[in-house]
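A.B. asks: Quick one, fold the following:
(2 chains)
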Number of protein chains: 2
Amino acid sequence: MDPYRIIEVKQSVFADNNADAENLRREMKAQGTFLVNLMSSPGSGKTTTLTRLLAALPEKMKVGVMEADIDSDVDADTISRTGTRVIQLHTGGMCHLDADMTRQGVRQLGSSDLDLVILENVGNLVCPAEFDTGAALNMMILSVPEGHDKPLKYPLVFQVCDVMIVNKIDVLPYFDFDMEKVTAYARKRNPNIRIFPISAKTGEGIDALAQWLTETIRNWKAK
Amino acid sequence: MDPYRIIEVKQSVFADNNADAENLRREMKAQGTFLVNLMSSPGSGKTTTLTRLLAALPEKMKVGVMEADIDSDVDADTISRTGTRVIQLHTGGMCHLDADMTRQGVRQLGSSDLDLVILENVGNLVCPAEFDTGAALNMMILSVPEGHDKPLKYPLVFQVCDVMIVNKIDVLPYFDFDMEKVTAYARKRNPNIRIFPISAKTGEGIDALAQWLTETIRNWKAK
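C.D. replies: Below is the predicted model:
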């Protein structure tokens, strides 16, 4: 058996993505599966962060992952090695996923028994932010080498995200990255954004993120 | 006087961007201005590389820069400090520039007396690669922290670029980045791609890039 499947997702024919996203959010709530949409630039460490996060979540939590990419399946391959249920979504050149593409992925993954599904969106700070995927939570990763000025240049993604993970803090000494500035710039876009400094390489900060996410899912289920 | 202006560029109403790009390429050739389209992910060091490159080009070469961003003018501000003629283009949320948006920029910059215009495209590895801007040369930057697997995941940008600059080689010791692998992966997309390893921070490799570009412009003008 293959460790993962690759499916081609097609752009929605529905004009109103926002309404469709609300529908998907209701469907996921009804089945009790918390959907996370993880966004970032290419190379900021989404897959490595996921690998660490999966290991830090409670063992009894049932988790699935959807890896979206224009091409290639290197990320699904990486995740499948952790033993987590995973599928690779190919967008056929599209720079983002809409709610219906996400729904196609969720169905192909088989999610009704899962507590948590994490969608790793296409690596792009612009387009994914414009399309509500129907997720219960939007998270983004900004990595130290990208620089602290990114909330000034790519405002929307910071505005729509509940969580900003600052990754690669292990290389802080080698870059001119100002944590206070990035905090101030990100809060200007979204005063309520939660910030988790981590190193997916060393594991620093992962436990705090995993605990917060576990708590958030518990509260969401109880509502 | 302001050191630079900000202009809002509007998406072309023409359906055929490729034909329009060919037109712009002819217009620029007729006036003898070499247009470079510089693409990369957010935070890979486009502006810092440009600042170094501008200083390394021959003094008699007349150069202008167009900084494209969704929002903000931090990059135009940085470039204006080098004394180079620069304008900031705002795309109004668009993730790329098409040929007509580039033409609007070139006209507002005032380019008829320039030997070289460099367009710094929106930070995005996906969408800009899909739109021919009418440039004579496409360059991209991949920075070491982004990882050597990017040509596998974002094939088109590597395919359409004549040059791949590998930036931030000063931090190679701190990252798991394989120069041989990235070379092989990039050449799989484009066997003729030229590769320049540089550090925009330390200046390493900039002279080789500047010399090659100067030579390329000279040959283009002579044709």
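A.B. asks: Work out for me the element the residue lying closest to A:Val13 once chain neighbours are set aside sits within.
C.D. replies: Nearest residue to A:Val13, sequence neighbours excluded (CB to CB, 6 or more residues apart in numbering or on different chains): A:Asp100, at 7.9 Å. C-betas here are computed from N, CA, C, even on glycine. A:Asp100 belongs to helix A:99-109 when assigned by DSSP states H and E.
A.B. asks: Mind giving me the packing neighbours of that helix?
C.D. replies: In terms of contacts (3 or more CB pairs under 8 Å, 6 or more residues apart in numbering or on different chains; DSSP states H and E), helix A:99-109 is packed against strand A:5-8, helix A:17-31, strand A:34-40, strand A:63-69, strand A:85-90, strand A:116-120.
A.B. asks: Does the fifth one reach chain B?
C.D. replies: No - no part of strand A:85-90 sits near chain B under the criterion CB under 8 Å from any CB of the partner chain; the closest distance found is 11.1 Å.
A.B. asks: same deal with the first one?
C.D. replies: No - Strand A:5-8 is not in contact with chain B by CB under 8 Å from any CB; minimum separation 13.6 Å.
A.B. asks: Report the strands that pair with that strand, each with its relative direction.
C.D. replies: Next to strand A:5-8 in the sheet, as set by DSSP bridges, lie strand A:85-90 (parallel).
A.B. asks: how about the helices and strands packed on helix A:99-109 in CSV, adding mean neighbour count?
C.D. replies: Formatted as CSV, those follow (neighbours: other CB atoms under 10 Å in any protein chain shown):
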stretch, mean neighbour count
strand A:5-8, 14
helix A:17-31, 16
strand A:34-40, 26
strand A:63-69, 26
strand A:85-90, 23
strand A:116-120, 24
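A.B. asks: about what we covered before: ok, the residue nearest to A:Val13 touching A:Ser12?
C.D. replies: Yes - using CB atoms under 8 Å, A:Asp100 makes contact with A:Ser12 at a distance of 3.5 Å.
A.B. asks: shared neighbours of those two, which are they?
C.D. replies: A:Asp20 (CB atoms under 8 Å, 6 or more residues apart in numbering or on different chains).
A.B. asks: per-stretch mean pLDDT over the helices and strands packed on helix A:99-109, give me the minimum one.
C.D. replies: Across these, strand A:5-8 has the smallest mean pLDDT, namely a mean of 88.
A.B. asks: Run through the bridge partners of the residue nearest to the spatial centre of chain A.
C.D. replies: Computing the C-alpha centroid of chain A and ranking residues by CA atoms, centre = their mean puts A:Leu38 first, at 1.2 Å. Under DSSP bridges, the beta-bridge partners of A:Leu38 are A:Glu120, A:Met139.
A.B. asks: need the residues of chain A near chain B, please.
C.D. replies: Within chain A, the positions near chain B by CB under 8 Å from any CB are A:41-44, A:69-72, A:74-75, A:93, A:95, A:122-127, A:130, A:143-147, A:149-150, A:152-156, A:168, A:170-171, A:174-175.
A.B. asks: Output the below-cut-off pLDDT ranges for chain A.
C.D. replies: Across chain A, the ranges flagged by pLDDT under 70 are A:1-2, A:14.
A.B. asks: buried residues in the lengthiest helix in chain A?
C.D. replies: Assignment by DSSP state H gives helix A:206-222 as the longest helix of chain A. The neighbour-count check on helix A:206-222 (16 or more other CB atoms under 10 Å in any protein chain shown) flags A:206, A:209-210, A:213-214, A:216-217 as buried.
A.B. asks: Closest one of the residues you listed to chain B?
C.D. replies: A:Ile206 (18.3 Å; CB to the nearest CB).
A.B. asks: still on that earlier bit, hmm, who's touching the helix holding A:Asp100?
C.D. replies: A:5, A:7, A:9-14, A:17, A:20-21, A:23-24, A:27-28, A:33, A:35, A:37, A:64, A:66, A:68, A:85-87, A:89, A:91, A:94, A:97, A:117, A:119, A:131-135.
A.B. asks: Which positions in that helix come out as buried?
C.D. replies: Buried, per 16+ other CB under 10 Å, within helix A:99-109: A:99-106, A:109.
A.B. asks: Kindly report the same for stretch A:117-137.
C.D. replies: Of the residues in stretch A:117-137, those buried (16+ other CB under 10 Å) are A:117-129, A:131-137.
A.B. asks: And that stretch, end to end?
C.D. replies: Using CA to CA, to the nearest Å, the end-to-end distance of stretch A:117-137 comes to 11 Å.
A.B. asks: try stretch A:10-20
C.D. replies: 15 Å.
A.B. asks: How about residues contacting that stretch?
C.D. replies: A:92, A:94, A:98-101, A:103-104, A:131-132, A:134.
A.B. asks: Save those as JSON lines, and put in distance to A:Thr202 too.
C.D. replies: Formatted as JSON lines, those follow (distance: CB to CB, whole Å):
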{"residue": "A:Gly92", "distance to A:Thr202": "36"}
{"residue": "A:Met94", "distance to A:Thr202": "34"}
{"residue": "A:Asp98", "distance to A:Thr202": "36"}
{"residue": "A:Ala99", "distance to A:Thr202": "36"}
{"residue": "A:Asp100", "distance to A:Thr202": "38"}
{"residue": "A:Met101", "distance to A:Thr202": "34"}
{"residue": "A:Arg103", "distance to A:Thr202": "36"}
{"residue": "A:Gln104", "distance to A:Thr202": "36"}
{"residue": "A:Phe131", "distance to A:Thr202": "33"}
{"residue": "A:Asp132", "distance to A:Thr202": "34"}
{"residue": "A:Gly134", "distance to A:Thr202": "33"}
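A.B. asks: just curious, which of these is nearest to B:Arg81?
C.D. replies: A:Phe131 (36.7 Å; CB to CB).
A.B. asks: if I look at A:Val166, how far off is A:Met139?
C.D. replies: 12 Å (CB to CB, to the nearest Å).
A.B. asks: Likewise for A:Thr78?
C.D. replies: For A:Thr78, the distance to A:Met139 - CB to CB - is 18 Å.
A.B. asks: And for A:Arg187?
C.D. replies: 16 Å.
A.B. asks: Those two: which has the busier surroundings?
C.D. replies: A:Met139 (24 against 15; other CB atoms under 10 Å in any protein chain shown).
A.B. asks: contacting residues around the more buried one?
C.D. replies: Neighbours of A:Met139 in contact, by CB under 8 Å, 6+ apart: A:36-39, A:161-165.
A.B. asks: how does it look with 6 Å?
C.D. replies: Contact partners of A:Met139, counting by CB atoms under 6 Å, 6 or more residues apart in numbering or on different chains, are A:36, A:38, A:163.
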